[in-house]
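Visitor: my questions are about this predicted structure, shown below with the sequence.
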Amino acid sequence: GAGVSQSPSNKVTEKGKDVELRCDPISGHTALYWYRQSLGQGLEFLIYFQGNSAPDKSGLPSDRFSAERTGGSVSTLTIQRTQQEDSAVYLCASSLYRNTDTQYFGPGTRLTVL
Amino acid sequence: KQEVTQIPAALSVPEGENLVLNCSFTDSAIYNLQWFRQDPGKGLTSLLLIQSSQREQTSGRLNASLDKSSGRSTLYIAASQPGDSATYLCAGRIIQGAQKLVFGQGTRLTINP
């Protein structure tokens, strides 16, 4: 079946602009995660959704970052007033519903802020 | 706070060798530990998942072990091939809160023909 998909695959933007990153999880997966992978920082957790609710936003680095999930499916990560330090690969993962389930990752969106 | 460490950071071996990648974690309160492979410019591919109650998992030439008491996991790759060249990441799924994955920095593996 289809895996986790993300769009766009690459995004180049100018400092100060807003960007939206999209994640389509595997159908039926209730848990959705956003991670960020940057040089020198490794992979960092950003936010977790269970259904449409986000019980853990503790990884969002600033109030410029927000995310939503609708219909228990698609999620959008929005970064307002982008800064150069936001440049990274943003990865989305989904899992069925149990805490013992495997997390499946999408291909990521590479964001470059000029 | 969970911290995951992977040693070595990079490894280069000739084709055909058996090798071991190491992963250590500071907090044994994990649901499971997952090993991933990442090719340059690509996302993460899940290789093996070991639940906290398990000791090891096998898939083809790969075998992963978990010792919660010592905070260690190893990924054993048998008869390595050039196609195994990639970065290998381990991640522990913590019990608190979001049950997020906490990742190590990865081991960059190069298999030389």
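Guide: It's in.

Visitor: mind listing what's buried in the least confident helix or strand in chain A by mean pLDDT?
Guide: Lowest on mean pLDDT, DSSP states H and E among the helices and strands of chain A sits strand A:53-56, with a mean of 87. By 16 or more other C-beta atoms under 10 Å in any protein chain shown, the buried positions in strand A:53-56 come out as A:Ala54, A:Asp56. C-beta coordinates here come from the backbone N, C-alpha and C atoms, glycine included.

Visitor: check stretch A:75-83 too.
Guide: Buried residues in stretch A:75-83, defined by neighbour count with 16+ other C-beta under 10 Å: A:Ser75, A:Leu77, A:Ile79, A:Thr82.

Visitor: ditto for stretch B:42-56
Guide: Using 16+ other C-beta under 10 Å as the burial criterion, the residues of stretch B:42-56 that qualify are B:Gly43, B:Leu44, B:Leu47, B:Leu48, B:Leu49, B:Ile50, B:Ser52.

Visitor: partners of the second one in the sheet?
Guide: Beta-bridge pairing of B:Leu44, defined through DSSP bridges, involves B:Gln38.

Visitor: and it, what's its pLDDT?
Guide: pLDDT, B:Leu44: 92.

Visitor: tell me how far it lies from A:Asp63.
Guide: Here the criterion is C-beta to C-beta, to the nearest Å. By it, B:Leu44 lies 28 Å from A:Asp63.

Visitor: farthest pair within the buried residues of stretch A:75-83?
Guide: Spatial extent of those (C-beta to C-beta) is set by the pair A:Ser75 and A:Thr82 at 18.7 Å.
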